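Peer 1: okay, structure incoming, though there's no sequence with it:
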C-alpha cells in the first residue's frame, strides 16, 4: 500500500507536467492515469502550438502567456515540436477591421508579425484560395503531444516519481477534512492511504473526480472534431482571420493536414454524439482557405473534449474568447489537501503545472524553485527514443498518429 506525499490524478500534459515539476523539486509524487498517457484531451487535440495571436485582441495577458510558453516549449522540447510558423489569412468575405485589430493587438502583446499581400501568401502556399486578400505571419508551431507527455513523465520518473498507467481512480474517502484513501482499479488494484496532497488534473473529468472527495468543480466540456486528410507540403499553420468559428484552422503534418474544429457542449466527456455534420462543416470551411482539402483522401477522424470551466465560459460569453486556466483550492470546501487545475490549453501546460506545483509546495513547506522552463526534456533531440517513451507508457493519441513511430 503506497503512501505518496503527492498524488497527481490525470496523465495528460498538465498532469505529467505537474509530476515532473514536483519531482524535480524533490517531492515524492505518484501519477495515476486511467488509460495510457495522453489518452484524453492532450492526445486528441489539433496539436497547435499557439503564438498567442488567436487570443491577442480578446485577452492580452493570456496571449502573452501563450507567446512565452511557445518559446519555452520550443527550447526544452526538441522533437516534441515542429517549427512551422503560421499564417492568419483574410478572405474577401472577411472583415478587414478584424484583421487590423488582431495585428494591432499582436503588436501590443509583443507577438512578431509580418503582413503580406495575397500574391505573396500564395507564393508561400501555392494552393491558398484565390480570394485571400492578405495574410499575417505569426510564430505558431505544431506540438507532437504523445512525445511531449511521455517525455515529461520520463523526466518525472528519473527524479523519483512513480507513473502508473491503466490505474483509474475508483473511489475516495475523506476523514477530518482530508482525503484519507484513494482506491485504484485496473492494473493497479490498490488503495493509496493518507496522501499529504491530491491534485486533480483530469481535464473534462475534473468535476467527476472532485465529486469523489465531496468537492464541486463546475465544468462546461465541449467537443470538437478533427479531420486528417492527405495533403503533403503545407508548411505554416493556417488560421482564418475572423471571429473564431467552426473550421478555421489547418495544421500541417508531414504528408497530411489536420482540419479543425467545432465546439459543441457535451454532458458526458465519455458518451456524446459525434455528428457527421461537424465533419462536413469543418472540411467545407477549411477548404475556403485551402481548396484542395475538400476532395483530399481522409486518413482519420477523431473528436476531443475541451476541459472548460463553466464560470469563466459564462462570464466570457463562450467560444472564441481566451482559454485561460483556473487553480481551484478545495480547502474552501472543507477538503484541505486537494486542488483541481482546469481550463487552459496544451501550449500553456508547463505554466499550469508550475502554478499548481507552487501551490502544493506552499502547502508542504517546500521552498525549492521551479526548474522546468530551463531544463530540456529527456531525449528531446532523439525522436526514436521519444517514440520509445510513448510506447512504454501506451501513450499514442490520434493527433500525431502519423508522426510518432508506433
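Peer 2: Noted; the coordinates are in hand. Note that the coordinates shown come from a computational prediction; the quantities given were computed from them, not determined experimentally.

Peer 1: please enumerate the strands of the stretch 251-400 of the chain.
Peer 2: Applying DSSP state E, counting those that start in this stretch to the stretch 251-400 of the chain gives strands spanning 256-260, 264-265, 298-306, 325-329, 338-343.

Peer 1: which among those is found nearest to residue 384?
Peer 2: Proximity to residue 384 (C-beta to C-beta) singles out strand 256-260 among the strands of the stretch 251-400 of the chain, at 20.8 Å. From N, CA and C alone the C-beta is placed, and that goes for glycine too.

Peer 1: show me where pLDDT drops low in the stretch 201-350 of the chain?
Peer 2: Within the stretch 201-350 of the chain, the ranges that satisfy pLDDT under 70 run 315-323.

Peer 1: now do the helices in it.
Peer 2: Here the stretch 201-350 of the chain has its helices, by DSSP state H, counting those that start in this stretch, at 206-212, 276-289, 310-316, 349-364.

Peer 1: now the ones you listed in TSV, with distance to residue 193?
Peer 2: As requested, the helices of the stretch 201-350 of the chain are exported to TSV (distance: least, C-beta to C-beta, whole Å):
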stretch	distance to residue 193
helix 206-212	15
helix 276-289	45
helix 310-316	33
helix 349-364	17
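
Peer 1: using a markdown table, lay out the ones you listed together with mean neighbour count and distance to residue 102.
Peer 2: Compiled in a markdown table, the helices of the stretch 201-350 of the chain are given as follows (neighbours: other C-beta atoms under 10 Å; distance: least, C-beta to C-beta, whole Å):
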| stretch | mean neighbour count | distance to residue 102 |
| --- | --- | --- |
| helix 206-212 | 21 | 31 |
| helix 276-289 | 18 | 16 |
| helix 310-316 | 14 | 18 |
| helix 349-364 | 21 | 23 |
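
Peer 1: residue 241: which of the ones you listed is closest?
Peer 2: Ranking the helices of the stretch 201-350 of the chain by their distance to residue 241 (criterion: C-beta to C-beta) puts helix 276-289 first, at 9.8 Å.

Peer 1: contacts for that closest one?
Peer 2: With C-beta atoms under 8 Å, 6 or more residues apart in numbering as the test, helix 276-289 has contacts from 89, 91, 128-129, 132, 225-227, 229, 238, 240, 245-250, 259-262, 264, 293-294, 301.

Peer 1: show me the protein divided up by domain.
Peer 2: Using automatic domain parsing, the domain ranges for the chain come out as 6-42+145-219+322-400, 86-138+222-306.
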